[in-house]
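Trainee: With the sequence up front, the predicted model follows.
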Amino acid sequence: MDKRLLSKGLIIGMLGAMSLGAQADQAGGNGCGWGNMLFEGQRGLFPHLLATTTNGTSGNATFGLTSGTNGCDSSARLGYGGRSWLAMNGMLDSIAEDMAQGHGEALDAYATLLGVEKADRERFAKVTHEHFNTIFSSPDVTSEQVLTATLEVMSRDAQLARYAKQPA
């Protein structure tokens, strides 16, 4: 399989899975907004993305929350039912493999998700490769530990420190 296609698939899958997780207990309750009303009862990534896009681009969920319309209920409990984005689709294993080699599509995708600009991604790959044993400190390291360690390593590098201060 083409590595570029695999990388794009990983990014799309992660972003889609994050969208689905965010919809689990969405603001205003399930069904809030025109997008949810239009695609009611449908399952799968495509209907969820369309519903999210419809709600986000038209601002109707915001209107619904303030007016009590569009199926929105501001008294609904907020929550997050998703999983860590690093654990999605085996991403953590792919990042570990690429980081150990000092390059790769998954490592580049990880840098992108952390907000590292294209001009700094080569530096990101080099620094994370040099600190691989710090970032992946044990065979059973969690995605949250990897993220925390990555940001810590980045914060000690003059070129990458600015990215470590942003919320990931």
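Mentor: Perfect, I can see it now.
Trainee: pLDDT score assigned to the spatially closest residue to residue 100 that is not a sequence neighbour?
Mentor: Once its chain neighbours are removed from consideration, residue 100 has its nearest residue in residue 132; the separation is 5.5 Å (CB to CB, 6 or more residues apart in numbering). Quick note: C-beta positions are derived from backbone N, CA and C, even for glycine. According to the predicted model, the pLDDT of residue 132 comes to 97.
Trainee: again, but for residue 118
Mentor: What the model reports for residue 118 is a pLDDT of 93.
Trainee: In this structure residue 127 contacts residue 151, no?
Mentor: No - taking CB atoms under 8 Å as the contact criterion, residue 127 and residue 151 are not neighbours in contact, 11.8 Å apart.
Trainee: how many neighbours does the residue nearest to residue 100 have?
Mentor: Applying other CB atoms under 10 Å, we find 15 residues neighbouring residue 132.
Trainee: is it true that it touches residue 99?
Mentor: Yes - with the criterion set as CB under 8 Å, residue 132 and residue 99 qualify as a contacting pair; they are 5.3 Å apart.
Trainee: And the next helix or strand past the lowest-mean-pLDDT helix or strand in the chain?
Mentor: Taking all helices and strands of the chain together, the one with the lowest average confidence (mean pLDDT, DSSP states H and E) is helix 3-23, at a mean of 47. Towards the C-terminus, the helix or strand next in line after helix 3-23, according to DSSP states H and E, is helix 34-38.
Trainee: same question for the helix or strand just after that next one, mean pLDDT?
Mentor: Along the chain past helix 34-38, the next helix or strand (assigned with DSSP H and E) turns out to be helix 45-58. What helix 45-58 shows for mean pLDDT is 73.
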